[in-house]
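>>> Take this sequence and fold it.
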Amino acid sequence: MQQCKRWAPALLVGLFCLTACKKNNGGPGNNGGGYYGAAGGGAIYVQWATEGIQKIDMATDVESKVMGENLDLHDYWISRDGKSMLTSKNAPGTDYDANLYTLTNLSDGTIISQFKYYPTDGDYTSPTLSPDGTMIGVVPTYEDGIVIMDLKGKILHNLTSFNGKKFNRMLQWMPDNTILFCTSDGLFRTNTAFTQGNLVKQFSFASWGDVTPSPDGKKIALKGGTHIWMMNADGSNLVQVTTSTDEEAYPVFSPDSKYLLVGTNYRESLAASWLWELRIIPADGNQYNVDPDADKHVITVIPKGQTLVQSGDGSMFWR
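Numbers count the residues shown, from 1 in each chain. Model prediction:
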C-alpha cells in the first residue's frame with residue numbers, strides 16, 4: 001500500500017542526542033570555514049532538541065540562533081528568499097482552539113503580519129509560504145484538507161478532497177505557485193488556480209513521503225522505503241540517490257538546485273522522538289553512500305568550531 005507521510009486530470013472537490021560521530025579532519029566539508037559556500041550557497045535552517053532553530057551560513061560554516069527553544073511552537077517556515085519566517089504557535093491566553101500565525105522579518109525581527117487561525121478541533125498546524133510570498137498554504141491535518149489563505153488570514157481556497165480521497169499530510173509549493181499534494185492514489189500537482197490536479201507519479205514503495213521540489217522546478221526528491229530518491233518534475237526517471245546501512249529522510253535542495261541536504265542515520269530517540277544527522281550530496285542523479293566516511297563526495301555538516309555532526313529533529317530548510 002502506498003503511503004505519503006508528513007507529507008489523469010480531475011477536479012479538486014470542495015470549497016476549495018547529539019551524535020558521537022567525530023569530525024573527519026581529512027574529509028570534505030570539515031576544513032572549517034568557506035568550504036560549504038561551494039556546495040549550494042545560502043544558509044541551512046534546522047530545528048534541534050533544546051537548541052531551537054539554528055542557522056548555518058554556508059559561506060562561513062558559522063552557526064547562529066534564529067529562535068530559542070519554544071514549547072508553544074508548532075512549526076515554522078522560511079521564505080524562499082530567506083528574508084522572513086512564518087511560525088504557528090499556541091495562541092496566548094485561553095483561546096485554545098486558535099493557532100497564532102506570525103510572519104516575521106528575519107533581519108530585524110519586526111512583525112509583518114499576525115493573526116489567529118482556527119483549524120478543526122484546534123489541531124496543531126504547519127503553515128507554508130508560497131514562493132512569491134503572497135499566500136499561505138496549510139498542510140492538511142487529520143480533520144482538514146488543504147487551506148490556502150492570504151497573508152492576513154483570509155481563506156482563498158479550502159480543498160477538502162481529491163477524487164473522493166482525503167489528502168495525506170503533505171503540501172509542497174512548486175516555483176510557479178502550484179502545489180504538490182498526495183493521497184493514497186499517488187503524488188499530484190495542482191494548477192495555479194487550485195481547481196485541477198494532475199498525476200505526477202504512483203509509487204510501489206511500501207511507504208513514501210518527505211516530498212520536496214528543487215527551487216528551479218526541474219526535480220523532485222522524496223523518501224522511498226528507507227532511502228532518498230530523485231526524479232524529474234514530471235515523474236520520469238526515478239532513481240535512488242542515497243544508500244547506507246541505516247535510514248535516510250527529509251531531503252532538501254540547495255538554493256541553486258545542485259545539492260541535496262539529507263537526514264542520515266534517521267532513528268527514534270527518547271529525547272527527541274526522531275532525530276538524524278545532516279549530510280549533503282550532489283543532486284546529479286548518482287547514488288551516494290552516506291555512512292560516515294564512506295564516500296568522499298558526501299559533505300558532513302559540522303558548524304565551525306564544533307566537533308560533532310549537526311543533528312536535527314524538526315523542519316529543515318536551505319535558503
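>>> Where does the prediction get shaky in the stretch 1-150 of the chain?
Confidence mapping of the stretch 1-150 of the chain against pLDDT under 70 gives the ranges 1-3, 5-38.
>>> mind running it again at 80?
Flagging of the stretch 1-150 of the chain using pLDDT under 80 yields the residue ranges 1-38.
>>> how about the helices in it?
Using DSSP state H, counting those that start in this stretch, the stretch 1-150 of the chain contains no helices.
>>> which stretches of it form strands?
Listed in chain order, the strands of the stretch 1-150 of the chain (DSSP state E, counting those that start in this stretch) span 4-5, 10-13, 43-48, 52-57, 63-67, 73-78, 84-90, 99-105, 111-117, 127-129, 135-138, 146-150.
>>> Let's have these in JSON lines, adding distance to T243.
C-beta here means a position set from N, CA and C on the backbone, and glycine is covered the same way. Listed next are the strands of the stretch 1-150 of the chain as JSON lines, based on distance: least, C-beta to C-beta, whole Å:
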{"stretch": "strand 4-5", "distance to T243": "21"}
{"stretch": "strand 10-13", "distance to T243": "36"}
{"stretch": "strand 43-48", "distance to T243": "23"}
{"stretch": "strand 52-57", "distance to T243": "25"}
{"stretch": "strand 63-67", "distance to T243": "28"}
{"stretch": "strand 73-78", "distance to T243": "29"}
{"stretch": "strand 84-90", "distance to T243": "34"}
{"stretch": "strand 99-105", "distance to T243": "39"}
{"stretch": "strand 111-117", "distance to T243": "41"}
{"stretch": "strand 127-129", "distance to T243": "30"}
{"stretch": "strand 135-138", "distance to T243": "33"}
{"stretch": "strand 146-150", "distance to T243": "34"}
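>>> Of these, which is nearest W208?
strand 4-5 (6.2 Å; C-beta to C-beta).
>>> Would you mark the buried spots in stretch 173-192?
If you call a residue buried by 16 or more other C-beta atoms under 10 Å, then stretch 173-192 has these buried ones: 173-175, 177-183, 185-190.
>>> mind checking how far it is from the chain centre?
15 Å (C-alpha atoms, centre = their mean, to the nearest Å).
>>> Pipe the strands of the stretch 1-150 of the chain into a markdown table and attach distance to D313 and mean neighbour count per row.
Formatted as a markdown table, those follow (distance: least, C-beta to C-beta, whole Å; neighbours: other C-beta atoms under 10 Å):
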| stretch | distance to D313 | mean neighbour count |
| --- | --- | --- |
| strand 4-5 | 16 | 20 |
| strand 10-13 | 33 | 16 |
| strand 43-48 | 6 | 24 |
| strand 52-57 | 11 | 19 |
| strand 63-67 | 15 | 15 |
| strand 73-78 | 13 | 20 |
| strand 84-90 | 17 | 20 |
| strand 99-105 | 21 | 19 |
| strand 111-117 | 25 | 14 |
| strand 127-129 | 19 | 21 |
| strand 135-138 | 22 | 24 |
| strand 146-150 | 26 | 20 |
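>>> residues touching K89, list them.
Neighbouring residues of K89 by C-beta atoms under 8 Å, 6 or more residues apart in numbering: 70, 72-74, 99-100, 102.
>>> what bridges to it?
With beta bridges defined as DSSP bridges, K89 has these partners: L73, L100.
>>> Quickly note the distance from M67 to K55.
Counting by C-beta to C-beta, to the nearest Å, the gap from M67 to K55 is 10 Å.
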